[in-house]
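Engineer: Prediction below, plus the sequence it came from.
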There are 4 protein chains.
Amino acid sequence: MQIPELDFSISTLGECRIPSPMTNGHTISDRDHVLYHNHLEKIEEHLRAGQSPPFFEKAGPREKIYFDPSKLKCGIVTCGGLCPGLNDVIRAIVMSLYHHYGVRTIFGFRYGYEGLSPRHGHTPVELTPGLVAGIHDQGGTILGSSRGPQEVPEMVDTLERMNVGILFAIGGDGTLRGAQAISEEIGKRGLKIAVIGVPKTIDNDISCLQRSFGFETAVTEAGTAITSAHTEALGARNGVGLVKLMGRESGFIAAYAALAYNDVNFCLVPEIPFTLEGFLDALEKRLERKGHAVIVVGEGAGQDLMQGTQERDASGNVRFGDIGVFLRDRIIAHYRGLGKDMTLKYIDPSYIIRSVPANAHDSAFCLLLGHNAVHAGMSGRTNMVVGDWGGEFTHVPIPMAVSRRKKIDPGGRLWSIVLASTGQPAVM
Amino acid sequence: MQIPELDFSISTLGECRIPSPMTNGHTISDRDHVLYHNHLEKIEEHLRAGQSPPFFEKAGPREKIYFDPSKLKCGIVTCGGLCPGLNDVIRAIVMSLYHHYGVRTIFGFRYGYEGLSPRHGHTPVELTPGLVAGIHDQGGTILGSSRGPQEVPEMVDTLERMNVGILFAIGGDGTLRGAQAISEEIGKRGLKIAVIGVPKTIDNDISCLQRSFGFETAVTEAGTAITSAHTEALGARNGVGLVKLMGRESGFIAAYAALAYNDVNFCLVPEIPFTLEGFLDALEKRLERKGHAVIVVGEGAGQDLMQGTQERDASGNVRFGDIGVFLRDRIIAHYRGLGKDMTLKYIDPSYIIRSVPANAHDSAFCLLLGHNAVHAGMSGRTNMVVGDWGGEFTHVPIPMAVSRRKKIDPGGRLWSIVLASTGQPAVM
Amino acid sequence: MQIPELDFSISTLGECRIPSPMTNGHTISDRDHVLYHNHLEKIEEHLRAGQSPPFFEKAGPREKIYFDPSKLKCGIVTCGGLCPGLNDVIRAIVMSLYHHYGVRTIFGFRYGYEGLSPRHGHTPVELTPGLVAGIHDQGGTILGSSRGPQEVPEMVDTLERMNVGILFAIGGDGTLRGAQAISEEIGKRGLKIAVIGVPKTIDNDISCLQRSFGFETAVTEAGTAITSAHTEALGARNGVGLVKLMGRESGFIAAYAALAYNDVNFCLVPEIPFTLEGFLDALEKRLERKGHAVIVVGEGAGQDLMQGTQERDASGNVRFGDIGVFLRDRIIAHYRGLGKDMTLKYIDPSYIIRSVPANAHDSAFCLLLGHNAVHAGMSGRTNMVVGDWGGEFTHVPIPMAVSRRKKIDPGGRLWSIVLASTGQPAVM
Amino acid sequence: MQIPELDFSISTLGECRIPSPMTNGHTISDRDHVLYHNHLEKIEEHLRAGQSPPFFEKAGPREKIYFDPSKLKCGIVTCGGLCPGLNDVIRAIVMSLYHHYGVRTIFGFRYGYEGLSPRHGHTPVELTPGLVAGIHDQGGTILGSSRGPQEVPEMVDTLERMNVGILFAIGGDGTLRGAQAISEEIGKRGLKIAVIGVPKTIDNDISCLQRSFGFETAVTEAGTAITSAHTEALGARNGVGLVKLMGRESGFIAAYAALAYNDVNFCLVPEIPFTLEGFLDALEKRLERKGHAVIVVGEGAGQDLMQGTQERDASGNVRFGDIGVFLRDRIIAHYRGLGKDMTLKYIDPSYIIRSVPANAHDSAFCLLLGHNAVHAGMSGRTNMVVGDWGGEFTHVPIPMAVSRRKKIDPGGRLWSIVLASTGQPAVM
C-alpha cells in the first residue's frame, strides 16, 4: 500500500481570523483541491479502501488570513545556482505583499542563507515596489546567492530578532531541506513564523511539480548552442558538435532540447546508462553514414564511466566528473587511434543558459508562483512549497517535495520520442 | 444534470488488427484515460448517480492499428489564419507517418479546403521527410491556407479518388466543423477514411484544450510591441501607447501579455464590457497621475461601442469593427476636445505575431501533437481532435471541441490578477 | 566653382588655455583633418587654383580646453522622433563630462526644446553617472522629446539663468536649425555658451555624415516585418505582403532593407518616381509568375500620387499622405476590379523599429559620437555637429550639415544593386 | 621613404574587350580610385616628391570585361574557421555571376583547399541560384571548410582540368597566401585564370581593410556572453565573470565588445602586455571596491605568461596556450591562497559567436563584397582581394593585404577609450 506515502496535508500556524484586504473578489476555499490521480481506477482503489484519494490543497487567496498585514515583516532569500525567473519571483512576492496585502516591510537577505547568518555580516536590503519594478528584465538574482547550509539556530535567531513573520525561500532541493530545518526549529521554539518555499530547479526534477520555472527558458536558450554545434559539424568533414547541458540527476533539459531542436543525433542523459564503446561505435556509424553528428549530453550522464572523486560542493552535491570534457577527449583519442580525420567542437553554454532573463511564459508563471506563495504565507501555512499539478497551483509539504526526484522513465513516452527523434540506438 | 453533455467517446472505423510497426516499446492501452474533473466531489457525484465520471481517452501509440501502412495514403490540409507552429505540426505528422509507421504517400493539399476542391485546380504536393526536414524554422505554412468552406461532397470525392485513408485537418473552429461535415459524409458513403483534427487557435479559446499551439509564442512576440508602446509613451508628455492584439472572442493573449509584460496599464478584452466614457475617464486619471499610459486591446473587445457592419469574412466570421483604430481616434478626439496635449502611438503587430516560427516550447508541443494525431489516425479513430488536459494528450470528439469557446471568467482568478497587475479599475 | 560652398571651418568661443584633465595620453591636434575628397583629381583641382582642398576638422580630445570643468554646467536636450541610440548618446555625454573632465552639473532638459522654454514648466533632471549607467538597455530617450521650435530668446534666457556653458542638442534637421538659431542669439548677446549638435536621423539623410546612429538598428529591425510579410504572402494564393518603412525624403532604410532581406520584390523610395499604373502592372506580372510578392515602401515615396493636404506637423514637416494605406487600398481595389483573388497583408512597423535599443554596433558608435561631442564642446567649439567621414569622426558646421539632404542617386551604384536584388523594373 | 611599400597596382590577365552584359547602367572607370591618405600633408609629400600619392583602384562593374560569360566556368572555395557571412558571400557571388553576367557553371569546392586537391576525393557541388537562395539564413558555410594548404600544382591542375576561369577564395591570411601561390603557379603556366580573394577575418585584423565581414555580428554576439558573465558576477559575493573572445593577433573584438557592453571591467588584448601579478592586483582592488568584476580576454592575450608549446595547427598557426583556462585557474588559485571567497564563472562562447548567421548590416556588406569580387574577376583582375577603405570598395593586391596585420595601437584613440570605459589601469 503506497497511500501513507502520499500525505499532502499542510501545516499551519493557527486559525485565520483576519479578513483579507484583497478586494477583487475571487477567493479559494480550503476545501478546493486538485486530485493527485487522473485515472479512475486509482481513485476507486482508495475509495474501496475507505480512504480519501490523495489530493493537493489548491493555492490562492483566502477570505481570511492569519497575519495582520499592518504589523507583518517578511523576508526573501534566494539560494543555489542561477535560474531564469528568480527576479520575477522576487518581484511578484514583493508586489503581492505590498499591493495585495499592504505589507510595508520586506527584507531581502543577501547571498542565500549566508544573509540570515550574522557571522557573514551581510546587511539585508529593504525591498520596495519601486526597487523591484524593473528587475525581471535582467537575469540572475538581485539578492545574490550562495550554496550550502548555515547554522539553523543562528538563522532562526535572525528571523526572531528582525521580527520576520514569513520567510520566502527560493531554491532547490538543498534550500528546501534548509527551509524545513528552519521551520522545525521555529516549531520547537513555539514561534509564529511561516516558511514558504518556491521550488527552483532548472532541471525540472522536483517531484509533485509538473513544471518548474526557468525550465522552458533553459530549453529555448539551449537551442543557440545546439544550432551552433550543428553549423560547426556541417562545416567540416566528419564534423562533430558536442553540447553539454544542465541535468545532474534528470535529463529533461537535454531531452526536450532534442525534441525542440531536431538537429540532435545523440541525446545522453543520466537516466539512461551507456558504455563508451557502444557510444563510440554508434557515433562512427553515424559519421560514416552522414558525415557529421550533433551530441547533447546532460551533465549527470555517464558518471560511471569516469573515476569520480566523490568531492562535494558547498551545497553538498557530489562534484560530478565533467562528462563534456571527458567525451570530447575520448572521441578525439578514438579517432586519432583510428587514423581518421574528425573535427570536434565542444560547447558548454551552461552559464549563459542559466543567467538569461525568463521568457514571457516563464515570466507569467513566476508571477503566479510568487503571488500564490504570498497567499499561502498570509494564511499561516508553513513548511510548504507552491506546486503545479494538472495546470493548477497547489500547496505541497516540503517533505513530500524533496522526498524523491522526478526522472525520465527509460520505458516511457518521452524517452521513446527522443529515441525516435534523434535516431540513436536504444541501447549503446 | 450536465452529464450527458460531457460524452467524450470517440468514433472509430473498426477493429485494430494489425500489429503496430512502432518498435520502441511504449504503448497506450485503450483503457488509459484522463479524468475531466480534478475535484473529488464532482467525481463522487457521478459515482453516486451510478455513472462513470467523464474522462478523455488518452492519446498515444497503440499496440495494434487499423490501417495497413504499406497501402495507406494520407493527406494534410491547413486552413484559416497563420499561427506559429503550423509547419511544426505538418513536419511532425509527415515524420511520424514515415518513420514510425512506414507510410510512403502523403499528400499536402494546397491553400486550405480549396486544395480538396477540384474546381480550384490546386495540385497537391507530395510530402517527404526530406521536404519537411527544415520547415519548422520558418513561420507560416508551406501548404498555404485559405478561409471558408468548400463543397463537402466534392472534397470527399477527392479523398476517394486519391485513395486517401487519413485526412489530417489543421485549423480552428470553422475548419473543425468542416472536418466534422467531411467525416459525416464519409460515414454516409460507408467509406473507411479517418478524419483527425489538430486544433489551431492562436487565441487559445477552444474548449477541452488547456493549451493550444502557438499561443505562448504569440504572447512572447506581443512583448516587442508592448515594450515599444511603453517606450513611445515615456518619450512624450502625456504619451499613450496603444497595442491591438489578437483575440476575437477570448482575450487570453491580451491578458497573458499583461501579466508577462507589466508595463501594461489597461487591458481590454472581449469578455469584459466597458463604456467609452468609463475608459476615457480612467485614462485621464492615469495620465494626470503618471504622465503616460500603455493600453492593450484584444480585437474583439468593445465591439458594442462601434456600429458594426455585420459583414462576414470567407470563414463566416463576423467582420469586426477595428477597435484599435476606433480607440485611437476617440482618444485623440477626446484630448483635442479637452484642449490638452496628448501623443498617441498605435501599433498593430498582429501579422508579425502570427507569422513568426514557434518558440522551443511550442515547437516541442507541436511535435507531440502531430505524433499523437498520427497515432490516433493509424488506430482508425475519426471525427476527433488531439487535445491537452492536465498535462496529458487526449482524444476529443470534434463536436465536443467546437461546442463552446473557452473564455476569461470575469469573476475568476486570471482576470483578478490582470486587474491587480495593470491597476485598472474593475469597472469602466 | 563649387569651392566656396564647401567651407567646413568651425566657430569657437575663444582660445583654449586650460590643460585638459584627460590623462590617458592620446590627443588630437587642431591641424588633424580628414579630406573631403578621396580622388586625386579633385584635390589637384583645388591645389591648381591655389586653394586648400576642402577638409573636415578631426574630432577628438585636445591638449588644452576652453572651459574650466570645475565651474562648468552643461545641458542636454533630445528632440523629434525616437531613434535607437538616443539613450546611448545621453549616457556617453554624461560619462565623458563626468569622468573625462570632472564636470559635476549636467542638466537634462525634458521633452525637447519645450524643456528650455519656461512656459511649459518642465523641471530639468540632474544627470549623474549612476542615473544613466543602465539607460542604453532601453529604447527611446529618458529625457522625453517633443517636436517643433520654441522661442529662441526664451531658451537662451534659460541657458543664461541656469549658467549653462555647453548645450548638447540631439536631433534632426529641425533641431539643428534650432541649435543654430540658439547659437546665433548667444553670439548676439556676446555670451560664452557652446552649442554642440549630435545629428539624429534614422533615415540616414543628413549630408556630411556617412553614417547616422540608429540607422543600422533600424534596417535590422525592419527585417522582422519583411520576413513576416513574406511568410504571409507565401501563405495565400496571390499573397501580397506590404511593409511601410521610414524614409521621408530619402529611401536608405527601404533600400538597405531590400539588400539585407532578399525576399523583397518591390522597393519604392521617395527618390524614384513611379506611376500607380506602372506599379500595378508590374505587380500583376510578378503575381502571375510567382504567386506572391513582397513590397517595401518608404513613407515619402509616391507622395505625388495622392492629393496631399499640405498640412504640417509641429516640427514644420509637411504631413505626408499615408502611402502604405494608399497602396493597400489601391491594390485591393485593383484586384477587386479584375475579379481575381488576392490577399494583402499590410504591416507598419515604424514605432517598433524606432523604439528598440541600439544594437551593439550602433551602441559603440553612439559612445564615440557622445565622447567627441563632449571633446568639441570642452574645446569651445560651437554651432557644429559631430560628423563621420571616411571612417573618422569630424566636426561639421551646422549650416553645412543642414544645407542639403543625402539622397539615393537614381543613377548610382546603390540603386542599381537594389534593382538587381529585387528584380523590379527600373521604370514603373 | 615608405612609398615603394604602398604599391596598390593590380595584376590583370589582359585587355577587356567584351561589352559587359550588365544593363542597369552604372559603371566604374579604371581611373576611379580611393586615396590611401586622408590628410593633405601626406598627399603633398608625395606630390612634392614627384610621385602619385598611393591610392586603391575602386571596385565595381566595368563597361568592358575580360571573360566571355557564355563560356566561363567559375569556382568558389571557403577555407579556415567559420565566420558569420560566409554563406552570404557565396550566395552573392553565385547570384552576381548568374544574374549580372549570365555565367551558368559555378563549382563549389568542398572543405577548403582540400576540395581542389584530387587526393581527398571531394566532388564539387554545382551552385545555382535556386540552391543558394536561402543559405544566408544559416550560419557556417554550405561548402564546408578545412585548414591548411594543399599542393599548389595539384590545385592548379584541377582548375585547368575543370576549365575554371575565375577562382574565388574566401578565407583569411593563410588562405590568401595560398591564393597568391595558386595565382603565381597559374602565371608560370601562362594560363588565363583569375584568382580573386574575399578576405575573411572575424578578428578584423587584415590590413588595407577598414572593415571585415562578420566582425560586427561577432561583437554583437559577444554581448550575450558578457551579459551572462555580468549576471553571474553580480549573483555571488566577489563574483568574477571571465569571457574569452576571439582575437589571436589583434584584440578588436574584445575592445569593441568592451565599448558596446559597458559591464566589462577588464579588457585584455594581445597588443597590450600585462603581468599576472599586475592583473591580479588590479582585480583584487576592483573586488574590494565593488564586490564583482567582468573580464574579457582575447585569445592571443598574455601568451608570454604561459610556457607555450609552439605546436602549430593545420593552417600553420601557432597553437596558442588557452589564456581563458589559464586565467581562470590562476585567479582561483590566487584567491584560495588568500583564503578569501571568490566565485568565478568562465564562459567561452567562441563557437557560438562564429557560427551564427550574419546580422543585417554584415549581410548587406557581404552582398556588396561578393558582387565586387565578381566584377573584379570578370574584368580579368587577379591575385587581389576586395577591400574597403573610407566607405568605398577597393581592389587590394594580395601581397599588400597579407603584408602586415592591423592591430590596436596602444597609444591610440581606441585603446584610450577602452581604458576610459572599463576603468582598468593603463599598466598592469
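Structural biologist: Everything's here; your move. Numbering: from 1, shown residues only, chains lettered A, B, ... in the order given.

Engineer: contacts, neighbours, all on C-alpha from now
Structural biologist: Fine.

Engineer: From D:T224, how far out is the residue in chain A that chain C sits nearest to?
Structural biologist: Going by CA to the nearest CA, chain C is nearest to A:D137 of chain A, at 9.8 Å. Applying CA to CA, to the nearest Å, the value for A:D137 to D:T224 is 14 Å.

Engineer: Next, count neighbours for the residue of chain A closest to chain C.
Structural biologist: 17 (other CA atoms under 10 Å in any protein chain shown).

Engineer: domain ranges for chain A?
Structural biologist: A:3-212+A:357-401, A:215-302+A:311-355+A:410-422 (automatic domain parsing).

Engineer: Mean pLDDT for the ones you listed - can I get that in CSV?
Structural biologist: Output for those, formatted as CSV (pLDDT from 0 to 100):
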stretch, mean pLDDT
domain A:3-212+A:357-401, 92
domain A:215-302+A:311-355+A:410-422, 92
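
Engineer: ok, for the residue nearest the centre of chain A, nearest residue in space, not its chain neighbours?
Structural biologist: Centroid check for chain A by CA atoms, centre = their mean gives A:T201 as the closest residue, at 1.2 Å. Setting aside the residues directly before and after it, A:T201 is nearest to A:G172 in space (CA to CA, 6 or more residues apart in numbering or on different chains), at 5.5 Å.

Engineer: The one you found is in contact with A:G80, isn't it?
Structural biologist: Yes - between A:G172 and A:G80 there is a contact under CA atoms under 8 Å: 6.9 Å.

Engineer: returning to what we had before: OK, contacts around the residue nearest to A:T201?
Structural biologist: A:G172 makes contacts with A:C79, A:G80, A:P199, A:K200, A:T201, as judged by CA atoms under 8 Å, 6 or more residues apart in numbering or on different chains.

Engineer: so who does A:T275 touch?
Structural biologist: By CA under 8 Å, 6+ apart, the neighbours of A:T275 are A:G302, A:L305, A:M428.

Engineer: shouldn't the first one be in contact with A:F274?
Structural biologist: Read it as A:G302. Yes - with contacts counted by CA under 8 Å, A:G302 reaches A:F274, the gap being 6.8 Å.

Engineer: Residue of the stretch 301-428 of chain A closest to chain B, please.
Structural biologist: A:G390 (3.7 Å).

Engineer: how far away is A:G178 from chain D?
Structural biologist: A:G178 is 19 Å from chain D, where distance means CA to the nearest CA, to the nearest Å.

Engineer: what's the burial count for the residue of the stretch 151-300 of chain A found nearest chain D?
Structural biologist: In the stretch 151-300 of chain A, no residue comes nearer to chain D than A:G235, which is 4.1 Å away by CA to the nearest CA. Burial of A:G235 is recorded as 30 neighbouring residues (other CA under 10 Å).

Engineer: Would you double-check that A:V94 falls in a helix?
Structural biologist: Yes - under DSSP: H, G, I helix; E, B strand; the rest coil, A:V94 sits within a helix.

Engineer: Can you add distance to C:P349 and give the domains of chain A back as a markdown table?
Structural biologist: Formatted as a markdown table, those follow (distance: least, CA to CA, whole Å):
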| stretch | distance to C:P349 |
| --- | --- |
| domain A:3-212+A:357-401 | 21 |
| domain A:215-302+A:311-355+A:410-422 | 26 |
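
Engineer: hang on, the earlier thing: more neighbours, A:G302 and A:F274?
Structural biologist: Taking other CA under 10 Å, A:G302 and A:F274 do not tie; A:G302 has more neighbours (24 against 18).
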